[in-house]
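> what would the 3D arrangement of this be:
(one chain, ligands or ions: 2)
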Amino acid sequence: MNEKKELILAKYGEIALKGLNRSTFEDILMKNIRRRLRMVGKFSVTKAQSTIYIEGKDETADIDAAMEQMKRIFGIAALCRARACEKNFEAIAALATECLEDTLLSARTFKVTAKRADKAFPMKSPEICMELGAVLLDAYPHLEVDVHNPEVVVTVEIRDTHAYIHGESIKGAGGLPVGSGGKALLLLSGGIDSPVAGYRMARRGIHISAIHYVSPPYTSDRAQLKVEALCQKMTAYCGNIAFFCVPFTELQEEIKRHCPEEYFTIIMRRLMMEIAQRIAEQDKCSALITGESIGQVASQTMEGITCTDAVSRIPVLRPLIGLDKTEIIESAREIDTFDISTLPYEDCCTVFTPRHPRVRPRLADVEAAQNQFDFTPLIEKAVAETTMKVFKVGGEIVL
Ligand code: ATP
Ligand code: MG
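Numbers count the residues shown, from 1 in each chain. Ligands and ions are numbered 1, 2, ... in the order given. All right, here's what the predicted structure looks like:
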């Protein structure tokens, strides 16, 4: 290890609570980190004692860019930039004085905390805090100690091979490593909700694929580009995403031709579900995800959901089900999908919308309405004509 050189320490949150299969979660997290950091230079990624150490290997390693990437990797609870030194108090005092100069000069109050993972270190934690506090007060006489509300917390960690010094740590993305929970297929529209739904499930460790339905000429190329841009944006948190695009025009036209208008939307959603399951099976996804939330529109009532769930043989995850629109918008802004979602392009859901959709549809009535036409051949055709492309982390957004 090159002492003095800055490194990143990542602490995991929920994984630390895992029992026997903890190492599986750790391995997936390490793999995700390595894959992500490859874009920003050569780094070594190692783990010890519930902490991941990220060190640049050569001059290609951009630590600022690495930190930006690390903030978006699920499974990490906290991150800090640290420096390492030998495990003796003189080295620790010298390093803390030197490497935290900027931070300490711009603060008025501080405190020191110490974590002694290596119990063989001769000083106990309170002693390290006292002694180092005194050294820093000497070096920076404008400072005062405030143990309750300090502006800066100087942390010393005494670990296996080295001591580490850092100032503030920042919050990580939380959740569980993407991939640790299997894979699910997100029904991705161009709206505000579904990207947030995908983000939420990825945060719980689910690897996301996305499916989108287009109805040209009723929907434009721009509408599809917008959804692809959303997909590209989502890779920053979700990792690479396989994107399936389903030609949906004929199905919508046949619904219009054969079914009562009040059931257009609910039948359309049932056909979307049917197609999604078939793609899910091909793509080895074990659940579907939608951006629905109770009460938002006519098809998002409990009765509406009963009618769409009735055609699904795999679970339909609806992470936004109990959220207000304002809360969803807040999330969309945080993950930076809001501005793309609010671009004004038509979604196929707004094609042939009934003037008076049934708000509380009965399943038997919907089934009877749908049975007036055999949609199976067109469903099979739509699945066969579905195209796929993969959006990769770091790819360019085209709009
Ligand atoms: P969103 O903001 O996600 O578009 P919404 O409030 O507009 O949601 P709906 O249009 O009723 O709600 O759609 C509900 C859900 O159905 C969406 O969250 C999404 O998961 C799915 N969905 C709707 N339209 C499409 C589409 N064209 N392609 C794929 N999925 C879609
Ligand atoms: Mg929508």
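
> Three-state assignment for the residue of the chain found nearest ligand 2, please.
The nearest approach of the chain to ligand 2 comes at residue 191, 3.3 Å away (CB to the ion). Yep, even glycine has a C-beta here, placed from its N, CA and C like the rest. With DSSP: H, G, I helix; E, B strand; the rest coil as the basis, the three-state label of residue 191 is coil.

> and residue 155, by the same measure?
Put simply, residue 155 is strand when judged by three-state DSSP.

> pull the contacting residues for it.
Residue 155 sits next to 80, 112-115, 164-167, 169 when contact means CB atoms under 8 Å, 6 or more residues apart in numbering.

> one more pass at 6 Å, please.
Contacts here follow CB atoms under 6 Å, 6 or more residues apart in numbering; on that basis residue 155 touches 113, 166.

> again with residue 175
Applying CB under 6 Å, 6+ apart, we find residue 175 in contact with 74, 203-204.

> ok, the closest residue to ligand 1 within the chain to residue 329 distance?
Nearest residue of the chain to ligand 1 (CB to the nearest ligand atom) works out as residue 191 at 2.0 Å. To residue 329, residue 191 is 11 Å away according to CB to CB, to the nearest Å.

> can you check the pLDDT for the residue nearest the centre of the chain?
Nearest to the geometric centre of the chain sits residue 237, at 3.8 Å (CA atoms, centre = their mean). pLDDT, residue 237: 97.

> scan the protein for its longest strand.
For the chain, the strand reaching the highest residue count under DSSP state E is reported as strand 76-85.

> which outside residues touch the helix or strand just after that one?
Later in the chain than strand 76-85, the nearest helix or strand by DSSP states H and E is helix 89-99. Here helix 89-99 makes contact (CB under 6 Å, 6+ apart) with 83, 85, 135, 139, 156, 163, 165.

> does anything pack onto the next helix or strand after helix 89-99? Which helices or strands?
Next along the chain after helix 89-99, taking DSSP H and E as the criterion, comes helix 101-105. Judged by 3 or more CB pairs under 6 Å, 6 or more residues apart in numbering; DSSP states H and E, helix 101-105 is in contact with no other helix or strand.

> go again with 10 Å.
Contacts defined by 3 or more CB pairs under 10 Å, 6 or more residues apart in numbering; DSSP states H and E place helix 101-105 against helix 125-139, strand 152-158.

> helices and strands around the very next helix or strand once past the last one, which ones?
It refers to strand 152-158. Next along the chain after strand 152-158, taking DSSP H and E as the criterion, comes strand 163-166. In terms of contacts (3+ CB pairs under 10 Å, 6+ apart), strand 163-166 is packed against strand 6-12, strand 76-85, helix 89-99, strand 109-116, strand 152-158.
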